[in-house]
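Peer 1: got a predicted structure plus its sequence, pasted below:
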Amino acid sequence: MHKGLLERPAAHKGERVRAALFQEARKSYHADLLKGGVLCLTARKKPKRGLPNEVPSNADGDSATSIAIAQAIIDQLQSKTKTTIRLAGQVSGSKFEQLTRQFIATTFASLNCIRPGTWDCEPAKRAISRYEQYHHLMELSELAAKHPEMAVHLGSDYVIAPDILIIREPETDEAINAKQLLIDDGVARRTGLRKRNNPLPFLHASISCKWTLRSDRAQNARSEALNLIRNRKGRVPHIVVVTGEPLPSRLASLALGTGDIDCVYHFALPELIASVEKLKNEEALNVVKMLVEGKRLKDISDLPLDLAV
């Protein structure tokens, strides 16, 4: 075992261990993924030589390593998993988005003590032009609609609708001045956080959900991130990816490097680490170690707190 990857602080002697809200939310998240058929075992239509007849829904059916890691993750999350018909890719992805949003909405809402404000975790894909930093893109879209000949020059890369959005509403003067008089009519006349200057919510975080990763999905996530960075007026929102991909090399294809995605979050990172260790694949374990220690791969339970920064 690589030292430090699975270390957890021990409870004090005699101390009663109480389940943390994030721990309970994480367990419910995994239970819902299993119950909803997003994470399941599926029987092959045709047996493949040297490969199991049952394949986890997040595994690459042609990769023995992917299947072994994914199976070990399932074994840790639930001892008995029924074989079922695999959900269609689009259905599985949509369900993964829905359950991930529920987890984030529950946990992030509990952090109001350290991240005050009026927040919302948007329930559906919405164009980023609805939000303060990107509202100017609506004018570009309307211009392209009125003048098709200009659409060629403007392009459509700015038309982005992330899977999950966390937004913050602007604040009233009453809220800002609640404890003492901080602003009046003569100052802070252009800041977007002041509701009298700006009625639009801020895009605080863009969360892309990829149940599995293939080269095209990794590239799509990077392209979306770069467009969010290039097209904004104001601060860049948090840009993250949540995935259930079991293969370390594919995780590395998205997580490695900086400049676009803040970080990649795995739906079950401790279980992934334990699975790779069980496999005794030194190359795969070194990749996971590099990503974790390099702060490029974290667990889903880390995400709400990172969004509070």
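Peer 2: Done, it's in.

Peer 1: now the residue nearest the centre of the chain: how far from residue 110?
Peer 2: Compute the mean C-alpha point of the chain, and by CA atoms, centre = their mean the closest residue is residue 242, 3.1 Å away. Using CB to CB, to the nearest Å, one gets 18 Å for the distance from residue 242 to residue 110. Just so you know, the C-beta spots here come from the backbone N, C-alpha and C atoms, and that holds for glycine as well.

Peer 1: same check on residue 42?
Peer 2: 35 Å.

Peer 1: please identify which of the two sits among more neighbours.
Peer 2: Set side by side, residue 42 and residue 110 show more neighbours around residue 42, with 18 against 13, by other CB atoms under 10 Å.

Peer 1: what about the more buried one, which SS state?
Peer 2: strand (DSSP: H, G, I helix; E, B strand; the rest coil).

Peer 1: what do you get for residue 228?
Peer 2: Per three-state DSSP, residue 228 ends up helix.

Peer 1: residues contacting it?
Peer 2: Going by CB atoms under 8 Å, 6 or more residues apart in numbering, residue 228 touches 128, 160, 162, 206, 236, 237, 239.

Peer 1: any weak-confidence spans in the stretch 151-300 of the chain?
Peer 2: Under the criterion pLDDT under 70, the flagged ranges of the stretch 151-300 of the chain are 151-159.

Peer 1: if we ignore the residues flanking it in sequence, what's nearest residue 120?
Peer 2: Excluding the flanking residues, the one nearest residue 120 by CB to CB, 6 or more residues apart in numbering is residue 167, at 5.3 Å.

Peer 1: what bridges to the one you found?
Peer 2: Beta-bridge pairing for residue 167 (DSSP bridges): residue 120, residue 203.

Peer 1: dump the residue contacts of it.
Peer 2: 119, 120, 122, 131, 201, 202, 203, 204.

Peer 1: next: residue 128.
Peer 2: With CB under 8 Å, 6+ apart, residue 128 has these contacts: 134, 137, 160, 161, 162, 203, 206, 228, 231.

Peer 1: do the same with residue 121
Peer 2: Contacts here follow CB under 8 Å, 6+ apart; on that basis residue 121 touches 101, 104, 105, 108, 109, 164, 165, 166.

Peer 1: the helix or strand encompassing residue 142: which residues count as buried?
Peer 2: Taking DSSP states H and E as the criterion, residue 142 maps to helix 136-146. For helix 136-146, the neighbour count (16 or more other CB atoms under 10 Å) marks 137, 140, 141, 144 as buried.

Peer 1: now do stretch 238-254
Peer 2: By neighbour count on 16+ other CB under 10 Å, the buried set for stretch 238-254 is 238-248, 250-254.

Peer 1: narrow those residues to those in strands?
Peer 2: 238, 239, 240, 241, 242, 243 (DSSP state E).

Peer 1: the last one contacts residue 263, correct?
Peer 2: No: shown here, residue 243 and residue 263 do not form a contact pair, counting by CB atoms under 8 Å, at 11.3 Å.

Peer 1: that older thread, nearest to residue 195, of the contacts of residue 228?
Peer 2: If you rank the contacts of residue 228 by distance to residue 195 using CB to CB, residue 237 comes first, at 19.3 Å.

Peer 1: residue contacts, that closest one?
Peer 2: Per CB under 8 Å, 6+ apart, neighbours of residue 237: 133, 202, 203, 204, 205, 206, 228.

Peer 1: check the residues you listed and tell me the two furthest apart.
Peer 2: Across the contacts of residue 237 (CB to CB), the longest gap, 13.1 Å, separates 202 and 228.

Peer 1: what is the burial count for the closest residue in space to residue 108 that isn't next to it in sequence?
Peer 2: Among residues not flanking residue 108 along the chain, residue 304 sits closest, at 4.5 Å (CB to CB, 6+ apart). Residue 304: 22 surrounding residues under other CB under 10 Å.

Peer 1: farthest-separated two in the ones in strands among the buried residues of stretch 238-254?
Peer 2: 238 and 243 (16.0 Å).

Peer 1: nearest residue to residue 235 in space, please, no chain neighbours.
Peer 2: Closest to residue 235 by CB to CB, 6+ apart is residue 133, at 6.9 Å.

Peer 1: what do you get for residue 59?
Peer 2: residue 70 (3.8 Å).

Peer 1: I'd like the next helix or strand past the helix or strand where the one you found lies.
Peer 2: Here residue 70, judged by DSSP H and E, is contained in helix 64-77. Using DSSP H and E, the helix or strand that follows helix 64-77 in sequence is helix 89-109.
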